[in-house]
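Engineer: just coords:
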């Protein structure tokens with residue numbers, strides 16, 4: 001059964017750090033990209049980062065570039081999103097999702113249940 005489970009969310013002050021985890025099962029991280037998305041209050045869900053399956057290439061939305069880092073531990077079947085120097089606008093529910101072979105190909109399914117990140121002043 002294909003499954004993704006996020007964890008690591010919580011409350012953090014501006015400028016602080018948080019590491020989110022996405023534990024996957026039922027498929028190989030070598031064969032599928034993993035995308036990170038977030039949904040801020042009152043806004044639509046947006047893609048913020050992705051790590052390709054075949055070569056581990058990483059991609060970032062401009063607003064998180066230089067602050068967030070996506071990585072993976074294939075032995076643990078887990079993808080991470082390291083969030084540094086967080087801003088108030090990073091508040092939202094963060095989701096990971098299984099993609100195609102690489103980040104250039106769209107279509108993500110299934111999705112995890114999400115983890116809440118709240119940034120306070």
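Structural biologist: Okay, I see it. Computed from a predicted model, the values in this text were never measured in an experiment.

Engineer: from now on I want contacts and neighbour counts done on CA atoms only, so please keep to that.
Structural biologist: Noted.

Engineer: ok, residue 72 - contacts?
Structural biologist: Residue 72 makes contacts with 78, 79, 80, as judged by Cα atoms under 8 Å, 6 or more residues apart in numbering.

Engineer: of these, which belong to strands?
Structural biologist: In strands, judged by DSSP state E, the following of the contacts of residue 72 are found: 78, 79, 80.

Engineer: wait, which of those is closest to residue 24?
Structural biologist: residue 78 (6.0 Å; Cα to Cα).

Engineer: okay, now the closest one: neighbour count?
Structural biologist: 19 (other Cα atoms under 10 Å).

Engineer: who's in contact with it?
Structural biologist: Here residue 78 is in contact with 21, 22, 23, 24, 72 (Cα under 8 Å, 6+ apart).

Engineer: show me where pLDDT drops low in this structure?
Structural biologist: The model of the chain has no residue with pLDDT under 70.

Engineer: give me the residue at the spatial middle of it.
Structural biologist: residue 36 (2.8 Å; Cα atoms, centre = their mean).

Engineer: so that residue sits against residue 98, correct?
Structural biologist: No - look at residue 36 against residue 98 with Cα atoms under 8 Å: they stay out of range, at 9.3 Å.

Engineer: mind putting the ones in strands among the contacts of residue 72 into JSON lines with distance to residue 68?
Structural biologist: What follows is those, written out as JSON lines (distance: Cα to Cα, whole Å):
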{"residue": "78", "distance to residue 68": "16"}
{"residue": "79", "distance to residue 68": "13"}
{"residue": "80", "distance to residue 68": "10"}
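
Engineer: just name the closest of those residues to residue 52, please.
Structural biologist: Looking across the ones in strands among the contacts of residue 72 and measuring by Cα to Cα, the closest to residue 52 is residue 79, at 11.0 Å.

Engineer: for the closest one, the count of nearby residues, please.
Structural biologist: Residue 79 has 25 nearby residues by other Cα under 10 Å.
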